[in-house]
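Participant: got a predicted model here, sequence first, then my questions.
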Amino acid sequence: MSETAKDVVKSGIKLTDPLPFARVNTLSILLKILNFGPALILLLLIVVLSVTSSYFLTPRNISNILAQTAVISVVAMGQQLVILTRGIDLSVGSNLALASVLGALSFHAGAPAALVIAAMIASGAAVGAINGGFFVFGRLPHPFIITLATLSIAKGLALQLADGRAIPGMPPAISALGTDAFGGLPGSVFVVLAVAAVLFVITRTMVWGRWIYAVGGRPDAALRMGIPVSWVLVSTYVVSGTCAGIGAVLLAGRTDAGSPLFGNLLELDTIAAVIIGGASFLGGRGHLGNALIGALMIGVIRNALNLLNVNIFFQLIVIGTVIVIAVEGDVLRNHLEGRVRVLQAGKHA
Amino acid sequence: MSASASASNVHAGDADRPVLSIKGATKRFGSVLALSEIDIAVRRGEILCLLGDNGAGKSTLIKCISGVHRLDSGSIVIDGQVIAIRSPAEARSAGIETVYQDLALFDNLTPAQNFFAGREIAGPQWLPRGLRFLKQRQMDSETVSLLANLKVTLPRNDAVVAMMSGGQRQAIAVARSTVFARKVVILDEPTAALGLRESRQVLDLVARLRDQGNAVILITHNMEHVIELGDRAVVLRQGRKVGELIPTPDNKQQLVAMIVGA
């Protein structure tokens, strides 16, 4: 310490000195690469695939990838909000299945398209509310338990109601969403964009969204700062459930049916999308772009493996491996941030 | 609610009347008597140092004032009125700000977002609080002017606090308490984890808090800091108040003796 304490008092707090070592800059660049890594990898995948397969970049294939990714994208965005609060929603797949069955049943009971859509979305939101309600007000230690339970309950209920079979038939308005194309794009893409826009407004411009990040970043501090932590947590599960309901509408549209077998392993796909896309499991870190990029990456990887004639079992292995890489990337990122902080503190001590 | 509003409160009211006084504070945890009949009072523009060995009851006492715990008996009087503090939110609305030892910062948010966490500037007013739209630019500019007032400069105002050093984080936490501090600021060992130079910077901030007219309660183990900053010192031992005096270099030994009970 070259300055005396008195000098420091006079000059006020100066914390703007250049960072101590060149290493900090190296670390910062590494951090930037890690943050943009998922988008870069997606871009790289697309470039490599367009070179190796003449079919990959055709409008038909792109439209196909987007249609297949739509359901994962919408549900993953809901999952993203839950993961932001350090939670997890394992029930999304079963939730979607139950919603699609209720939609199909209400259609066959004579409900108009709007009511069928409302039934599916309301069913999704209700399961989400049950998840959030039991987790928060039932004082459960972790949402893993309640969402695992509703995974089972919703699946069982869907199988029971549908008698274990798919129920064909959806109103034309819903089928149009899944199959028809506006400007060469499947209708479901526009639903994805609409959901993304709404969630973007919530997470980036509203107090609600700020609270989600605060609760995810530091739950105990959020409580001390007077943020209604319980309601924020419940709201994320309701949003996740609502997204599962919207996913049910999209999938029912694409297949023209409701089925208790829909959404199998969708919890895995959506969690994978969020994590592969670069969000953090440690809470409060990530944005909707992570979920969308992750979902697209899963769609592209599946599509590529299909084009390359790789069997479905191998696809599961690839997706799982990518998850491990992404999570380790997250751990590395946190480690590097810690290093940067230690170096900065060393400078000022 | 803004920095300027808190500054306009400076020296309002009778300077001799305590802003905050605690009377007969008693708190038990099971069979352990953590606080026994403690009286303290603190005035505007004054720093009261709360001293005591580990387990003396300092933290318990400030947790009762900041709403984390509730007193079993005794009263908390603010500006002459007895108030009940049942939660941290109630303490804050009564004008009491606390800088916790763990800082309670959100690592994933920027300094401005940290300042206004739970008290975001947003509108329109007719919407429920959570559905209002953030006025981020206003919050950012208020944060910048507040930091300038306190002479705190950060490398980047738009970086998340996870990337900042211990002293910067401490400065942010102390500065946050000044945003909304209207009456009392409590600081629990604000220099415990800091180096010499960073400690100096934080002490400087504490002095500014006092100069702005806040009543400051400072918990610290550092006798040099007590003598330098403290207008009065209250010593707790085993949950009891064992002394109160004006700290000077001459009675340092006496203070230490009171703390350890020699």
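Facilitator: Now that the structure is in, tell me what you want to look at.
Participant: which residue comes closest to residue 241 once chain neighbours are left out?
Facilitator: All of this is about chain A. A:Gly128 (2.0 Å; CB to CB, 6 or more residues apart in numbering or on different chains). Quick note: C-beta positions are derived from backbone N, CA and C, even for glycine.
Participant: that's the other chain; I wanted chain B
Facilitator: B:Ile38 (4.9 Å).
Participant: the one you found: which element?
Facilitator: According to DSSP states H and E, B:Ile38 maps onto strand B:32-42.
Participant: now that strand: mean pLDDT?
Facilitator: Averaged across strand B:32-42, pLDDT comes to 93.
Participant: what helices or strands is the helix or strand following it leaning on?
Facilitator: Downstream of strand B:32-42, the next assigned helix or strand under DSSP H and E is strand B:46-51. With contacts taken as 3 or more CB pairs under 8 Å, 6 or more residues apart in numbering or on different chains; DSSP states H and E, strand B:46-51 sits against strand B:32-42, helix B:58-65, helix B:196-211, strand B:215-219, helix B:223-229, strand B:232-237, helix B:252-260.
Participant: quick one: strand B:46-51 to strand B:32-42, angle?
Facilitator: Per axes from the mean of the first three to the mean of the last three CA atoms, to 10 degrees, the angle that strand B:46-51 makes with strand B:32-42 is 160 degrees.
Participant: can you give me phi and psi for residue 126?
Facilitator: Chain wasn't specified; assuming chain A. Dihedral angles of A:Ala126 (phi, psi; degrees, to the nearest 10) stand at phi -60, psi -40.
Participant: meant chain B actually
Facilitator: The phi/psi pair for B:Trp126 (degrees, to the nearest 10) is phi -80, psi -10.
Participant: contacting residues around the residue nearest the centre of chain B?
Facilitator: Compute the mean C-alpha point of chain B, and by CA atoms, centre = their mean the closest residue is B:Ile186, 2.0 Å away. Contacts for B:Ile186 were tallied using CB atoms under 8 Å, 6 or more residues apart in numbering or on different chains; they are B:62, B:65-66, B:96-99, B:216-217, B:219.
Participant: same question for A:Ile323.
Facilitator: Contacts of A:Ile323 by CB under 8 Å, 6+ apart are A:272, A:275-276.
Participant: dump those to a markdown table, plus secondary structure.
Facilitator: Shown next, in a markdown table, are the contacts of A:Ile323 (DSSP: H, G, I helix; E, B strand; the rest coil):
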| residue | secondary structure |
| --- | --- |
| A:Ala272 | helix |
| A:Ile275 | helix |
| A:Ile276 | helix |
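Participant: chain B: which of those is nearest?
Facilitator: A:Ile275 (16.6 Å; CB to the nearest CB).
Participant: chain center to the strand or helix carrying A:Trp208: distance?
Facilitator: Secondary structure assignment for A:Trp208, by DSSP H and E: helix A:207-217. Its chain's C-alpha centre and that of helix A:207-217 lie 16 Å apart, by CA atoms, centre = their mean, to the nearest Å.
Participant: C-terminal to that helix, what's the next element?
Facilitator: helix A:219-224.
Participant: tell me the mean pLDDT for that following helix?
Facilitator: Per-residue scores along helix A:219-224 average to 89.
Participant: so which residues on the stretch 151-262 of chain B come close to chain A?
Facilitator: Residues of the stretch 151-262 of chain B lying close to chain A by CB under 8 Å from any CB of the partner chain are B:151-155, B:162-168, B:171, B:194-198, B:200-201, B:204-205.
Participant: so how far is the first residue of stretch B:161-168 from its last?
Facilitator: 8 Å (CA to CA, to the nearest Å).
Participant: please enumerate the strands of chain A.
Facilitator: Per DSSP state E, chain A carries strands over the ranges A:13-14, A:167-168, A:181-182, A:185-186, A:257-258.
Participant: would you format these as TSV with mean neighbour count included?
Facilitator: Listed next are the strands of chain A as TSV, based on neighbours: other CB atoms under 10 Å in any protein chain shown:
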stretch	mean neighbour count
strand A:13-14	18
strand A:167-168	16
strand A:181-182	12
strand A:185-186	20
strand A:257-258	26
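Participant: so which of these is nearest chain B?
Facilitator: Using CB to the nearest CB, those put strand A:13-14 closest to chain B, at 4.5 Å.
Participant: go through the strands of chain A and name the closest to A:Asp330.
Facilitator: With CB to CB, the closest approach to A:Asp330 among these belongs to strand A:185-186: 31.9 Å.
Participant: can you tell me the strand partners of that closest one and which way each runs?
Facilitator: Using DSSP bridges, strand A:185-186 pairs in its sheet with strand A:181-182 (antiparallel).
Participant: mean confidence for the partner strand?
Facilitator: For strand A:181-182, the mean confidence score works out to 72.
Participant: top helix in chain A by residue count?
Facilitator: Secondary structure of chain A read by DSSP state H shows that its longest helix is helix A:312-348.
Participant: sorry, back to before: and the strand holding B:Ile38, which residues are buried?
Facilitator: Of all the residues in strand B:32-42, those buried under the rule 16 or more other CB atoms under 10 Å in any protein chain shown are B:33-36, B:38, B:40-42.
Participant: wasn't B:Gly213 part of a strand?
Facilitator: No: B:Gly213: not assigned to a strand; according to three-state DSSP it is coil.
Participant: low-confidence ranges, the stretch 151-300 of chain A, go.
Facilitator: Across the stretch 151-300 of chain A, the ranges flagged by pLDDT under 70 are A:178-181.
Participant: flag every residue of it that's near chain B.
Facilitator: So the stretch 151-300 of chain A meets chain B at A:205-208, A:210-211, A:213-214, A:216-218, A:220-228, A:231-232, A:235, A:283-285 (CB under 8 Å from any CB).
Participant: which of those residues count as buried?
Facilitator: A:206-208, A:210-211, A:213-214, A:216-218, A:221-228, A:232, A:235, A:283-285.
Participant: alpha carbons of stretch A:218-235, in PDB - could you do that?
Facilitator: The C-alpha coordinates for stretch A:218-235 follow below in PDB (Å, rounded to 0.1, in the frame of the first residue of the first chain):
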ATOM      1  CA  ARG A 218     -30.700 -14.800  -3.700                       C
ATOM      2  CA  PRO A 219     -33.900 -16.000  -2.100                       C
ATOM      3  CA  ASP A 220     -33.100 -15.000   1.400                       C
ATOM      4  CA  ALA A 221     -32.100 -11.500   0.400                       C
ATOM      5  CA  ALA A 222     -35.200 -11.200  -1.700                       C
ATOM      6  CA  LEU A 223     -37.300 -11.900   1.400                       C
ATOM      7  CA  ARG A 224     -35.400  -9.300   3.400                       C
ATOM      8  CA  MET A 225     -35.900  -6.700   0.600                       C
ATOM      9  CA  GLY A 226     -39.600  -7.100   0.900                       C
ATOM     10  CA  ILE A 227     -40.100  -9.100  -2.400                       C
ATOM     11  CA  PRO A 228     -43.200 -11.400  -2.200                       C
ATOM     12  CA  VAL A 229     -41.000 -14.500  -2.800                       C
ATOM     13  CA  SER A 230     -43.800 -17.000  -2.400                       C
ATOM     14  CA  TRP A 231     -46.000 -15.500  -5.100                       C
ATOM     15  CA  VAL A 232     -43.100 -15.000  -7.400                       C
ATOM     16  CA  LEU A 233     -42.200 -18.700  -7.100                       C
ATOM     17  CA  VAL A 234     -45.800 -19.900  -7.600                       C
ATOM     18  CA  SER A 235     -46.100 -17.600 -10.700                       C
END
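Participant: can you list the neighbours in contact with that stretch?
Facilitator: A:85-87, A:129, A:132-133, A:135-137, A:208, A:211-212, A:214-215, A:284, B:68, B:88-89, B:92, B:100, B:104-107, B:117-119, B:130.
Participant: all strands of the stretch 1-150 of chain B, in order?
Facilitator: B:20-29, B:32-42, B:46-51, B:73-78, B:81-83, B:96-99, B:122-123, B:133-134 (DSSP state E, counting those that start in this stretch).
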